[in-house]
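>>> Below is the structure, and that's it, no one-letter string:
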(Lines give C-alpha, C1' and ligand atoms only; values in the text may rest on other atoms or scores of the structure.)
Protein backbone atom coordinates (compact mmCIF):
# COMPACT_ATOMS: atom_id res chain seq x y z
CA UNK A 1 0.00 0.00 0.00
CA UNK A 2 1.25 3.47 -0.80
CA UNK A 3 -0.07 6.44 1.06
CA UNK A 4 -0.93 9.03 -1.58
CA UNK A 5 0.19 11.98 0.54
CA UNK A 6 1.81 14.87 -1.33
CA UNK A 7 4.73 13.68 -3.44
CA UNK A 8 5.96 11.02 -1.04
CA UNK A 9 5.11 7.33 -0.91
CA UNK A 10 5.28 5.15 2.18
CA UNK A 11 5.86 1.42 2.13
CA UNK A 12 2.87 -0.76 2.86
CA UNK A 13 5.05 -2.77 5.23
CA UNK A 14 4.24 -0.15 7.85
CA UNK A 15 0.66 -1.43 7.85
CA UNK A 16 1.18 -5.05 8.76
CA UNK A 17 -1.91 -7.09 9.58
CA UNK A 18 -2.65 -7.48 13.28
CA UNK A 19 -2.58 -11.17 14.10
CA UNK A 20 -5.42 -12.98 15.79
CA UNK A 21 -3.24 -13.32 18.88
CA UNK A 22 -4.53 -9.78 19.39
CA UNK A 23 -7.97 -10.34 17.85
CA UNK A 24 -8.99 -12.97 20.40
CA UNK A 25 -8.16 -10.82 23.39
CA UNK A 26 -11.80 -10.07 24.27
CA UNK A 27 -14.93 -12.18 24.03
CA UNK A 28 -18.48 -10.92 24.55
CA UNK A 29 -22.05 -12.05 23.92
CA UNK A 30 -23.31 -10.27 20.83
CA UNK A 31 -26.99 -10.87 20.12
CA UNK A 32 -27.65 -7.44 18.61
CA UNK A 33 -24.47 -7.26 16.53
CA UNK A 34 -24.99 -10.45 14.56
CA UNK A 35 -28.76 -10.87 14.50
CA UNK A 36 -28.37 -14.21 16.27
CA UNK A 37 -28.98 -14.72 19.98
CA UNK A 38 -26.11 -15.75 22.24
CA UNK A 39 -23.40 -15.57 19.59
CA UNK A 40 -19.90 -15.26 21.07
CA UNK A 41 -18.15 -12.39 19.32
CA UNK A 42 -14.34 -12.29 19.38
CA UNK A 43 -13.29 -8.65 19.32
CA UNK A 44 -10.15 -7.37 17.61
CA UNK A 45 -9.30 -5.98 14.19
CA UNK A 46 -11.03 -8.69 12.14
CA UNK A 47 -14.77 -8.89 11.42
CA UNK A 48 -16.13 -12.02 9.79
CA UNK A 49 -15.74 -15.75 10.33
CA UNK A 50 -12.85 -18.01 11.36
CA UNK A 51 -12.89 -21.82 11.15
CA UNK A 52 -10.50 -24.17 12.98
CA UNK A 53 -9.34 -27.57 11.72
CA UNK A 54 -7.08 -28.95 8.99
CA UNK A 55 -7.53 -27.27 5.63
CA UNK A 56 -6.26 -27.20 2.09
CA UNK A 57 -8.12 -24.29 0.49
CA UNK A 58 -10.41 -21.36 1.22
CA UNK A 59 -12.00 -18.95 -1.28
CA UNK A 60 -14.67 -16.25 -1.47
CA UNK A 61 -16.05 -13.55 -3.78
CA UNK A 62 -17.14 -9.98 -2.97
CA UNK A 63 -17.72 -6.57 -4.58
CA UNK A 64 -15.20 -3.94 -3.49
CA UNK A 65 -17.09 -1.02 -1.92
CA UNK A 66 -16.63 2.71 -2.19
CA UNK A 67 -15.43 4.22 1.09
CA UNK A 68 -15.97 7.63 2.71
CA UNK A 69 -13.34 9.27 4.89
CA UNK A 70 -14.88 10.41 8.18
CA UNK A 71 -11.93 11.09 10.51
CA UNK A 72 -9.27 13.43 9.09
CA UNK A 73 -6.64 12.64 11.70
CA UNK A 74 -7.01 8.85 11.66
CA UNK A 75 -5.80 6.19 9.23
CA UNK A 76 -9.02 4.46 8.22
CA UNK A 77 -9.04 1.20 6.31
CA UNK A 78 -11.20 -1.74 5.40
CA UNK A 79 -9.55 -4.83 3.98
CA UNK A 80 -11.68 -7.74 2.73
CA UNK A 81 -9.45 -10.82 2.56
CA UNK A 82 -9.36 -14.60 2.59
CA UNK A 83 -6.60 -16.57 4.31
CA UNK A 84 -5.23 -19.65 5.97
CA UNK A 85 -3.72 -19.55 9.50
CA UNK A 86 -3.37 -16.54 11.77
CA UNK A 87 -5.90 -17.45 14.47
CA UNK A 88 -5.60 -19.82 17.42
CA UNK A 89 -5.95 -23.41 16.25
CA UNK A 90 -7.77 -26.30 17.97
CA UNK A 91 -4.82 -26.66 20.35
CA UNK A 92 -4.95 -22.99 21.36
CA UNK A 93 -1.73 -22.16 19.49
CA UNK A 94 -1.46 -19.34 16.95
CA UNK A 95 -1.22 -20.97 13.51
CA UNK A 96 1.57 -19.45 11.40
CA UNK A 97 2.43 -18.31 8.84
CA UNK A 98 -0.74 -16.42 8.01
CA UNK A 99 -1.20 -16.58 4.23
CA UNK A 100 -3.73 -14.09 2.89
CA UNK A 101 -4.76 -12.05 -0.12
CA UNK A 102 -7.36 -9.34 -0.64
CA UNK A 103 -7.91 -5.64 -1.24
CA UNK A 104 -7.20 -2.68 1.04
CA UNK A 105 -9.20 0.56 0.81
CA UNK A 106 -7.50 3.31 2.79
CA UNK A 107 -8.24 6.88 3.87
CA UNK A 108 -5.01 8.67 4.79
CA UNK A 109 -3.93 12.25 5.33
CA UNK A 110 -0.39 13.32 6.18
CA UNK A 111 -1.56 14.19 9.68
CA UNK A 112 -3.20 10.78 10.12
CA UNK A 113 -0.07 8.97 9.02
CA UNK A 114 2.22 10.79 11.42
CA UNK A 115 -0.24 10.25 14.29
CA UNK A 116 -0.34 6.51 13.52
CA UNK A 117 3.39 6.04 13.00
CA UNK A 118 4.37 5.20 16.62
CA UNK A 119 1.60 2.59 16.83
CA UNK A 120 2.63 1.15 13.47
CA UNK A 121 6.15 0.69 14.79
CA UNK A 122 4.70 -1.28 17.71
CA UNK A 123 2.86 -3.49 15.20
CA UNK A 124 6.05 -4.23 13.32
CA UNK A 125 7.81 -5.17 16.57
CA UNK A 126 4.88 -7.45 17.42
CA UNK A 127 5.22 -9.16 14.04
CA UNK A 128 8.89 -9.88 14.72
CA UNK A 129 7.92 -11.68 17.95
CA UNK A 130 4.91 -13.60 16.65
CA UNK A 131 6.79 -16.90 16.30
CA UNK A 132 9.05 -16.71 19.35
CA UNK A 133 6.67 -15.20 21.92
CA UNK A 134 3.00 -14.96 20.82
CA UNK A 135 1.83 -13.65 24.19
CA UNK A 136 4.35 -10.82 24.21
CA UNK A 137 3.51 -10.14 20.57
CA UNK A 138 -0.15 -9.74 21.49
CA UNK A 139 0.66 -7.46 24.40
CA UNK A 140 2.82 -5.22 22.19
CA UNK A 141 0.11 -5.19 19.52
CA UNK A 142 -2.43 -4.00 22.08
CA UNK A 143 -0.01 -1.36 23.33
CA UNK A 144 0.37 -0.12 19.77
CA UNK A 145 -3.41 -0.06 19.52
CA UNK A 146 -3.63 2.16 22.60
CA UNK A 147 -0.96 4.54 21.33
CA UNK A 148 -2.51 4.77 17.85
CA UNK A 149 -5.99 5.46 19.18
CA UNK A 150 -4.78 8.15 21.59
CA UNK A 151 -2.66 10.00 19.04
CA UNK A 152 -5.20 9.64 16.24
CA UNK A 153 -7.99 10.92 18.47
CA UNK A 154 -5.88 13.92 19.41
CA UNK A 155 -5.04 14.54 15.75
CA UNK A 156 -8.73 14.42 14.84
CA UNK A 157 -9.24 17.25 17.31
CA UNK A 158 -6.37 19.28 15.87
CA UNK A 159 -7.62 18.75 12.32
CA UNK A 160 -11.09 19.90 13.35
CA UNK A 161 -9.64 23.31 14.26
CA UNK A 162 -8.33 23.85 10.72
CA UNK A 163 -4.82 24.58 12.02
CA UNK A 164 -3.05 22.06 9.77
CA UNK A 165 -4.87 22.93 6.57
CA UNK A 166 -3.97 20.55 3.72
CA UNK A 167 -2.14 18.13 6.00
CA UNK A 168 -5.55 16.97 7.23
CA UNK A 169 -7.07 16.35 3.81
CA UNK A 170 -7.55 12.58 3.45
CA UNK A 171 -6.95 10.83 0.16
CA UNK A 172 -8.17 7.39 -0.85
CA UNK A 173 -6.05 4.50 -2.04
CA UNK A 174 -7.14 1.02 -3.12
CA UNK A 175 -4.63 -1.83 -3.42
CA UNK A 176 -4.71 -5.52 -4.21
CA UNK A 177 -2.11 -7.34 -2.09
CA UNK A 178 -0.86 -10.60 -0.61
CA UNK A 179 0.90 -11.36 2.64
CA UNK A 180 2.78 -14.17 4.35
CA UNK A 181 2.62 -12.82 7.91
CA UNK A 182 4.80 -12.17 9.87
CA UNK A 183 6.61 -11.02 6.71
CA UNK A 184 5.47 -7.66 5.34
CA UNK A 185 2.55 -7.43 2.90
CA UNK A 186 3.20 -6.87 -0.81
CA UNK A 187 1.05 -4.79 -3.18
CA UNK A 188 0.18 -5.72 -6.74
CA UNK A 189 1.23 -2.33 -8.09
CA UNK A 190 0.86 -3.29 -11.76
CA UNK A 191 -2.93 -3.68 -11.60
CA UNK A 192 -5.85 -1.60 -10.34
CA UNK A 193 -8.89 -2.22 -8.17
CA UNK A 194 -11.83 0.18 -8.27
CA UNK A 195 -15.01 0.43 -6.22
CA UNK A 196 -17.60 -1.86 -7.76
CA UNK A 197 -15.06 -4.41 -9.00
CA UNK A 198 -15.98 -8.04 -8.34
CA UNK A 199 -13.07 -9.72 -6.58
CA UNK A 200 -12.30 -13.33 -5.71
CA UNK A 201 -9.57 -14.56 -3.38
CA UNK A 202 -8.29 -18.12 -3.05
CA UNK A 203 -5.59 -19.40 -0.69
CA UNK A 204 -4.51 -23.04 -0.89
CA UNK A 205 -1.87 -25.32 0.63
CA UNK A 206 -0.58 -28.45 -1.12
CA UNK A 207 1.55 -29.74 1.76
CA UNK A 208 4.67 -27.84 0.74
CA UNK A 209 3.52 -24.54 -0.79
CA UNK A 210 0.88 -21.91 -0.16
CA UNK A 211 -0.70 -20.46 -3.30
CA UNK A 212 -2.49 -17.10 -3.01
CA UNK A 213 -4.63 -15.98 -5.94
CA UNK A 214 -6.42 -12.64 -6.27
CA UNK A 215 -8.79 -12.27 -9.22
CA UNK A 216 -10.49 -9.09 -10.45
CA UNK A 217 -13.38 -10.40 -12.50
CA UNK A 218 -14.43 -6.89 -13.52
CA UNK A 219 -10.94 -5.76 -14.47
CA UNK A 220 -10.17 -9.14 -16.08
CA UNK A 221 -6.88 -9.82 -14.30
CA UNK A 222 -5.51 -12.47 -11.96
CA UNK A 223 -2.38 -12.44 -9.82
CA UNK A 224 -0.97 -15.54 -8.12
CA UNK A 225 1.85 -15.75 -5.58
CA UNK A 226 3.38 -18.98 -4.25
CA UNK A 227 5.36 -19.23 -1.05
CA UNK A 228 6.99 -22.46 0.21
CA UNK A 229 6.02 -23.73 3.65
CA UNK A 230 5.53 -27.15 5.21
CA UNK A 231 3.55 -25.62 8.09
CA UNK A 232 -0.01 -26.97 7.88
CA UNK A 233 -3.14 -24.83 7.53
CA UNK A 234 -4.95 -24.99 10.88
CA UNK A 235 -7.40 -22.08 10.50
CA UNK A 236 -9.32 -20.47 7.64
CA UNK A 237 -10.60 -16.88 7.55
CA UNK A 238 -13.10 -14.84 5.54
CA UNK A 239 -12.97 -11.40 7.11
CA UNK A 240 -12.77 -7.65 6.81
CA UNK A 241 -9.79 -6.12 8.60
CA UNK A 242 -9.65 -2.67 10.14
CA UNK A 243 -6.69 -0.74 11.51
CA UNK A 244 -6.72 -2.24 14.99
CA UNK A 245 -9.56 -0.56 16.92
CA UNK A 246 -9.32 2.84 15.26
CA UNK A 247 -12.20 4.53 13.44
CA UNK A 248 -13.49 2.71 10.37
CA UNK A 249 -14.29 4.55 7.14
CA UNK A 250 -17.83 4.59 5.89
CA UNK A 251 -18.66 1.88 3.35
CA UNK A 252 -21.58 0.00 1.86
CA UNK A 253 -22.16 -3.49 3.30
CA UNK A 254 -19.98 -6.21 1.78
CA UNK A 255 -21.46 -9.60 0.97
CA UNK A 256 -19.02 -12.50 0.72
CA UNK A 257 -20.47 -15.11 -1.64
CA UNK A 258 -19.49 -18.54 -2.99
CA UNK A 259 -17.43 -19.20 0.14
CA UNK A 260 -15.73 -22.58 -0.14
CA UNK A 261 -13.52 -24.29 2.43
CA UNK A 262 -12.14 -27.54 1.06
CA UNK A 263 -15.08 -27.68 -1.34
CA UNK A 264 -17.75 -27.17 1.34
CA UNK A 265 -19.84 -24.05 2.10
CA UNK A 266 -19.12 -22.01 5.21
CA UNK A 267 -22.34 -23.30 6.80
CA UNK A 268 -20.83 -26.81 6.94
CA UNK A 269 -18.42 -25.65 9.65
CA UNK A 270 -18.69 -24.43 13.22
CA UNK A 271 -17.31 -20.99 12.49
CA UNK A 272 -16.30 -18.46 15.14
CA UNK A 273 -17.68 -14.94 14.83
CA UNK A 274 -15.21 -12.05 14.87
CA UNK A 275 -15.96 -8.33 15.20
CA UNK A 276 -14.21 -4.97 15.32
CA UNK A 277 -14.98 -2.65 18.24
CA UNK A 278 -13.96 0.46 16.31
CA UNK A 279 -13.96 3.87 17.95
CA UNK A 280 -16.92 4.93 15.78
CA UNK A 281 -18.93 1.68 15.53
CA UNK A 282 -19.15 -2.04 16.20
CA UNK A 283 -18.62 -4.03 13.02
CA UNK A 284 -19.84 -7.63 13.09
CA UNK A 285 -21.02 -10.08 10.41
CA UNK A 286 -24.57 -11.13 9.79
CA UNK A 287 -25.55 -14.79 10.02
CA UNK A 288 -24.11 -17.37 7.64
CA UNK A 289 -26.47 -18.25 4.79
CA UNK A 290 -25.03 -21.36 3.15
CA UNK A 291 -21.94 -20.08 1.38
CA UNK A 292 -22.41 -16.36 2.05
CA UNK A 293 -22.74 -13.66 4.70
CA UNK A 294 -23.02 -9.86 4.76
CA UNK A 295 -21.06 -7.43 6.88
CA UNK A 296 -21.27 -3.68 7.12
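Done, it's in. This structure is a prediction, so every number in the text was calculated from the model and none was measured.

>>> residue ranges with poor pLDDT in this protein?
1-38, 244-245 (pLDDT under 70).

>>> Mind jotting down where the helices sit in it?
Shown for the chain, the helices assigned by DSSP state H span residues 20-23, 31-34, 110-128, 134-161.

>>> For residue 171, find the nearest of those helices.
Between residue 171 and the helices of the chain, the shortest separation by C-beta to C-beta is 9.4 Å, and it involves helix 110-128. Placement of C-beta: from N, CA and C, glycine included.

>>> now, of the helices of the chain, which is deepest in the fold?
helix 20-23 (a mean of 26; mean count of other C-beta atoms under 10 Å).

>>> what's the burial count for residue 76?
29 (other C-beta atoms under 10 Å).

>>> which residues does it contact?
67, 69-70, 106-108, 112, 170, 243, 246-249 (C-beta atoms under 8 Å, 6 or more residues apart in numbering).

>>> Filter those down to just the ones in strands.
The strands, defined by DSSP state E, take in 67, 106-108 from the contacts of residue 76.

>>> Would you format the helices of the chain as TSV with distance to residue 215 included?
Conversion of those to TSV gives the following (distance: least, C-beta to C-beta, whole Å):
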stretch	distance to residue 215
helix 20-23	25
helix 31-34	29
helix 110-128	27
helix 134-161	31
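
>>> how near is the residue lying closest to residue 228 once chain neighbours are set aside to residue 140?
Distances taken as C-beta to C-beta, 6 or more residues apart in numbering place residue 209 nearest to residue 228, at 5.2 Å, with adjacent residues excluded. Distance, residue 209 to residue 140, using C-beta to C-beta, to the nearest Å: 30 Å.

>>> try residue 146
11 Å.

>>> Grab the most central residue of the protein for me.
Central residue of the chain (C-alpha atoms, centre = their mean): residue 241, 2.4 Å from the mean position.

>>> since we're on the residue lying closest to that one once chain neighbours are set aside, how many residues are nearby?
Nearest residue to residue 241, sequence neighbours excluded (C-beta to C-beta, 6+ apart): residue 79, at 4.0 Å. When neighbours are counted by other C-beta under 10 Å, residue 79 registers 23.

>>> returning to that earlier point: from the contacts of residue 76, list the buried ones, please.
67, 69, 106-108, 112, 170, 243, 246-249 (16 or more other C-beta atoms under 10 Å).

>>> Mind putting those residues into JSON lines with distance to residue 260?
JSON lines is the format used below for the buried ones among the contacts of residue 76 (distance: C-beta to C-beta, whole Å):
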{"residue": "67", "distance to residue 260": "27"}
{"residue": "69", "distance to residue 260": "34"}
{"residue": "106", "distance to residue 260": "28"}
{"residue": "107", "distance to residue 260": "32"}
{"residue": "108", "distance to residue 260": "33"}
{"residue": "112", "distance to residue 260": "37"}
{"residue": "170", "distance to residue 260": "36"}
{"residue": "243", "distance to residue 260": "28"}
{"residue": "246", "distance to residue 260": "32"}
{"residue": "247", "distance to residue 260": "33"}
{"residue": "248", "distance to residue 260": "27"}
{"residue": "249", "distance to residue 260": "29"}
